[in-house]
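Enquirer: Just need the structure, nothing else, for what follows:
(2 chains)
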Amino acid sequence: MKVLIIEDERELADSIITYLSSEQFICEPAKDFNAAMEKIHLNDYSCIVLDLTLPNGSGLDILRELKKQQKEDGVLIISARNSIDDKIEGLNLGADDYLAKPFHLAELGARVAAIIRRKSFGGQNIIAIDHLTLDLSDKTLKHDGQPVSLTRKEYELLLYFISNKNRVVTKESIVEHLWGDDIDMADSYDFIYSHIKNLRKKLIQAGCPDYIKAVYGMGYKFSI
Amino acid sequence: MSLLFLCSGAATFIMVRGLLIHELDEVLVDYKDRIERYIDLKGTLPESDAIDETIIHYDITAHKVKDKFSFTELREPDEDKMHTFRQLVFTKRNGDVIYKFTIAKPLEGTRMLTRIIAATTVVLLLFVILSSVLLNRIVLRKIWAPFYETIHKLKGIKISKGDRLTLSETNIDEFRFLNNTLEQTINFAEQEYRILKEFTENASHEMQTPLAIVRSKLDLVIQQEGLSDTQADAIKSAYSGITRLDKLNRSLLLLAKIENKQFQETSMLNLKTKVDEKLEQLKEIMQESSVKVKSELTDAVISCNEMLLEILLNNLVSNAVRHNARDGEINISLKPGVFRISNTGSPVSLDKERIFRRFYKDEQHSTQHGLGLAIIKQIAEQSGIQVSYDWENHQHVFTLEWETPLLT
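Expert: Have a look, this model is predicted:
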């Protein structure tokens, strides 16, 4: 699966590529408007990560071009212009999602994974990983066919971990993902500990290995 | 004005009177000359003329005296009344005898004249003064009208509200000059203010990309295996620093956007639904810090920008949770037009004057940026909501009041 990163800040583009690249994803960078236009004409991408402010042009024009050519590429807009107008315009033009800078790479990973799931598997709603099966439509988890009951937050937490599997995910990004980025509880992220503890307990009770590991000081890692 | 009027009145009176007395003195001197000539010519004393009102006396005296004018009270021969006379005393030798003559003329005539002249003058003066005052008033009011209009308009100008100064045309050069200068100055100030506001927004925008780079690099660093505890601690601190900077930046940007009126769209919202959503969202966090929430909510409609209302509620409720005591409580009540949220917490009242200012912090070393309440205030102002803080029954109370919009 190919992912195109259209971002003029080389350092940021490098970070995104390093984080997203794995055995599943091949990431290609495009540093300006013209390079991006060329790439979208030549290739089909599972997902395009699109910065709106580019040298020589606007990201919104790239979006228009994609729609004109009736391309099916999923598009995630990342923009420093954290304004609702941009967001609405981007989504109206057919972008799949919008993420304001600065973002957590884990959040970006989760959004890209969600777009690719929607686009590339024909809207297939099942994620199967190791012994786990997640049904996205009714938000349930099965372990080797046996249902495991999860609360809403535990389910979302697990999905977030799976979307960023084998990566360290910080507490901050978990809180922002589950409670929204307007949540202003910067003093303490400890309240997520009980949610993670419960999720781990449920998975272990269902007979799973201990997927979720605490990483000292940072956060957690879902390893397979 | 009245002092000038009194002085000039008195001056006229004294001058006219002096003039007339001088005239009278000349008449008396004239009499004296005629008497002296008569004596020199005929060697006898003249008969006193009974028809003339001039009174002439003569006595024999031992020696000569100098001529002397004076005022005296004498009895009028015809009337039985005392009158003031002007008299001249002089001596004249006739042969061996020296006579002392006293000629007196009544002041009565001159006094009357003096009074009439003085009265006429005073009336005329009064008329002139009154008419000039009246004329001045009318003319000045007309002439200064553009000036007062300018002052009035200037008072109503609020640069922070983006008002522009437009002054009406005047055909008085000085005022046109004043108006032009004022318009230029105000518009220049307004432009400067706008640039300053845009600066905050632009600066915040520009900070987002470097912040994104730093955060993404930290996200990558923590992926590395085998970080030592010291390294992990350092990264953790850097990470939370970036998070704080990000939040501060977002809040500044939000404030700038509210000020620049980028959230003008309003809709009718049921505040109860919004409060319920917010409490549901924060449920776990409140459980974790064992804060008890008591709420009494009834439906209440408010006309507000939806996003701003959510931020407003978010800040109020998060503040109540964050600044609460362990096992504390939060009381929320909602009635049409009034929303009250109170919480236990620090045992002293906050500074009512400064609490809504930017970067106000209760504790100096708080990790909070101190913009939460400034944002609340800004949103409230923008949305026509009154927000106030009170310290009641050992609880911090924030009250929102607004006028329930008429449902159409």
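Enquirer: Just list what the worst-scoring helix or strand of chain A on mean pLDDT packs against, helices and strands only.
Expert: One helix or strand of chain A scores below all others by mean pLDDT, DSSP states H and E: helix A:84-92, with a mean of 81. Applying 3 or more C-beta pairs under 8 Å, 6 or more residues apart in numbering or on different chains; DSSP states H and E, we find helix A:84-92 packed against helix A:59-68, strand A:74-79, strand A:97-100. Glycine gets a C-beta too; all of them are placed from N, C-alpha and C.
Enquirer: give me every residue that touches residue 93.
Expert: Just going to use chain A. A:Leu60, A:Leu63, A:Arg64, A:Lys67 (C-beta atoms under 8 Å, 6 or more residues apart in numbering or on different chains).
Enquirer: sorry, should have said chain B
Expert: Counting by C-beta under 8 Å, 6+ apart, B:Arg93 touches B:Lys64, B:Tyr99.
Enquirer: Distance from the chain centre to the host helix or strand of it, please.
Expert: Using DSSP states H and E, B:Arg93 falls within strand B:82-94. Put simply, strand B:82-94 sits 70 Å off its chain's centre (C-alpha atoms, centre = their mean, to the nearest Å).
Enquirer: in it, what's buried?
Expert: Neighbour counts over strand B:82-94 (16 or more other C-beta atoms under 10 Å in any protein chain shown) mark B:Phe85, B:Arg86, B:Gln87, B:Leu88, B:Val89, B:Phe90, B:Thr91, B:Lys92, B:Asn94 as buried.
Enquirer: what residues does the least confident helix or strand of chain A touch?
Expert: A:Leu52, A:Gly59, A:Leu60, A:Leu63, A:Ile77, A:Ser79, A:Tyr98, B:Met307.
Enquirer: could you redo the last one with a cut-off of 7 Å?
Expert: Applying C-beta atoms under 7 Å, 6 or more residues apart in numbering or on different chains, the contact partners of helix A:84-92 are A:Leu52, A:Leu60, A:Leu63, A:Ile77, A:Ser79, A:Tyr98, B:Met307.
Enquirer: can you check stretch B:28-36 too?
Expert: B:Pro46, B:Thr54, B:Arg86, B:Leu88, B:Phe90, B:Lys92, B:Phe101, B:Ile103, B:Lys105.
Enquirer: Distance check, the fifth one against chain A.
Expert: Read it as B:Phe90. 113 Å (C-beta to the nearest C-beta, to the nearest Å).
Enquirer: excluding its backbone neighbours, what's nearest B:Val221?
Expert: In space, and not counting its chain neighbours, B:Val221 is closest to B:Ile235: 5.9 Å by C-beta to C-beta, 6 or more residues apart in numbering or on different chains.
Enquirer: can you map out the strands along chain A?
Expert: Shown for chain A, the strands assigned by DSSP state E span residues A:2-6, A:26-30, A:47-51, A:53-54, A:57-58, A:74-79, A:97-100, A:126-129, A:132-135, A:140-143, A:146-148, A:168-170, A:212-215, A:219-222.
Enquirer: can you redo the ones you listed as TSV with distance to chain B, mean neighbour count and mean pLDDT?
Expert: TSV is the format used below for the strands of chain A (distance: least, C-beta to the nearest C-beta, whole Å; neighbours: other C-beta atoms under 10 Å in any protein chain shown; pLDDT from 0 to 100):
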stretch	distance to chain B	mean neighbour count	mean pLDDT
strand A:2-6	12	23	93
strand A:26-30	13	19	92
strand A:47-51	9	27	93
strand A:53-54	9	19	86
strand A:57-58	15	14	86
strand A:74-79	8	24	91
strand A:97-100	8	20	90
strand A:126-129	19	13	85
strand A:132-135	22	17	88
strand A:140-143	20	17	89
strand A:146-148	20	15	89
strand A:168-170	5	26	91
strand A:212-215	7	15	90
strand A:219-222	7	22	91
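Enquirer: from the chain's centre, how far out does whichever strand or helix holds B:Ile14 sit?
Expert: Assigned by DSSP H and E, B:Ile14 belongs to helix B:2-42. Its chain's C-alpha centre and that of helix B:2-42 lie 59 Å apart, by C-alpha atoms, centre = their mean.
Enquirer: what angle separates it from strand B:82-94?
Expert: In terms of direction (axes from the mean of the first three to the mean of the last three C-alpha atoms, to 10 degrees), helix B:2-42 departs from strand B:82-94 by 30 degrees.
Enquirer: Give me the neighbour count for the residue of the stretch 1-150 of chain B found nearest chain A.
Expert: Nearest to chain A, among the residues of the stretch 1-150 of chain B, is B:Thr150, at 39.2 Å (C-beta to the nearest C-beta). When neighbours are counted by other C-beta atoms under 10 Å in any protein chain shown, B:Thr150 registers 19.
Enquirer: counting contacts, what elements does the helix or strand containing it pack onto?
Expert: According to DSSP H and E, B:Thr150 maps onto helix B:108-155. For helix B:108-155, the packing partners by 3 or more C-beta pairs under 7 Å, 6 or more residues apart in numbering or on different chains; DSSP states H and E come out as helix B:2-42, helix B:173-221.
Enquirer: contact partners of stretch A:40-59?
Expert: Contact with stretch A:40-59 is made by A:1-8, A:16, A:32-34, A:60, A:62-63, A:65-66, A:71, A:73-81, A:86, A:112, A:115-116, A:119-120, as judged by C-beta under 7 Å, 6+ apart.
Enquirer: export the strands of chain A to TSV and tack on distance to B:Ser240?
Expert: Output for the strands of chain A, formatted as TSV (distance: least, C-beta to C-beta, whole Å):
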stretch	distance to B:Ser240
strand A:2-6	27
strand A:26-30	29
strand A:47-51	26
strand A:53-54	28
strand A:57-58	35
strand A:74-79	23
strand A:97-100	20
strand A:126-129	31
strand A:132-135	31
strand A:140-143	32
strand A:146-148	33
strand A:168-170	10
strand A:212-215	15
strand A:219-222	12
